[in-house]
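Trainee: quick check, what structure comes out for this input:
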Amino acid sequence: MVFEDLTAYRLLIADVYELAGASRRTSEGLAREVGQSAARWHVLSVVSDGPRTVAGAARRLGLARQSVQRVVDDLVAGGQAELQPNPDHARAPLVALTEAGVRSLAELVRRSDADRAALLARAGVDRADLDRAREVLRRVLAAVQEPPVG
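Mentor: Reported below is the predicted structural model:
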């Protein structure tokens, strides 16, 4: 590996962080327009494919269980999520979306899709570009996650 490769890697990671930060800021703005936050949006999304525990949602989001619990409490208080009995663990209820939560998530996705489509058009980026970039990132991620040899 040559020095230029390592420099390119550091620059790629810096760009990924910058893109993630910019994406979070635009997501916050989109969420605010419909009375949500990005954190609430993330939790709505993670339980949209079926009920899960707070701990399960936290693992999927890569966040602390306590921070997800606070967001779930807000969503339940706002009528967008509900707690259901968990047949596998009496003290860890399942978090599920209510109809209001489903509607809110659908509106967030609709607004986000329109915003992201405009962004990709401005950038001149198409599906093939995104697939190539993602493939490289997934290879690097897989290498980061595997234990070093030796």
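Trainee: what's the separation between residue 119 and residue 113?
Mentor: In this view, residue 119 and residue 113 are 11 Å apart by CB to CB, to the nearest Å. Where C-beta positions appear, they are placed from N, C-alpha and C, glycine not excepted.
Trainee: who's more crowded, these two?
Mentor: Between residue 119 and residue 113, counting by other CB atoms under 10 Å, residue 119 is the more crowded of the two (13 against 10).
Trainee: shaky segments in the chain?
Mentor: In the predicted model, the chain carries pLDDT under 70 at residues 1.
Trainee: what residue lies at the spatial centre of it?
Mentor: residue 42 (5.3 Å; CA atoms, centre = their mean).
Trainee: check which helix or strand that one maps to.
Mentor: Using DSSP states H and E, residue 42 falls within helix 38-46.
Trainee: over to residue 75?
Mentor: If you go by DSSP H and E, residue 75 is part of helix 65-77.
Trainee: hang on, the earlier thing: now for the helix holding residue 42, which elements pack on it?
Mentor: In terms of contacts (3 or more CB pairs under 8 Å, 6 or more residues apart in numbering; DSSP states H and E), helix 38-46 is packed against helix 3-33, helix 54-61, helix 65-77, helix 99-123.
Trainee: tilt between whichever strand or helix holds residue 144 and helix 3-33?
Mentor: If you go by DSSP H and E, residue 144 is part of helix 127-145. Put simply, helix 127-145 runs at 110 degrees to helix 3-33, going by axes from the mean of the first three to the mean of the last three CA atoms, to 10 degrees.
Trainee: what residues of helix 127-145 count as buried?
Mentor: For helix 127-145, the neighbour count (16 or more other CB atoms under 10 Å) marks no residue as buried.
Trainee: ok, residues contacting that helix?
Mentor: Outside helix 127-145, the residues within contact range by CB atoms under 8 Å, 6 or more residues apart in numbering are 9, 16, 120.
Trainee: now with 6 Å, please.
Mentor: The contact list for helix 127-145, computed with CB atoms under 6 Å, 6 or more residues apart in numbering, is empty.
Trainee: got it, and stretch 46-62?
Mentor: Residues outside stretch 46-62 that contact it (CB under 6 Å, 6+ apart): 42, 65, 68-69, 72, 84, 92, 94-97, 105.
Trainee: cool, and stretch 118-126?
Mentor: With CB under 6 Å, 6+ apart, stretch 118-126 has no contacts at all.
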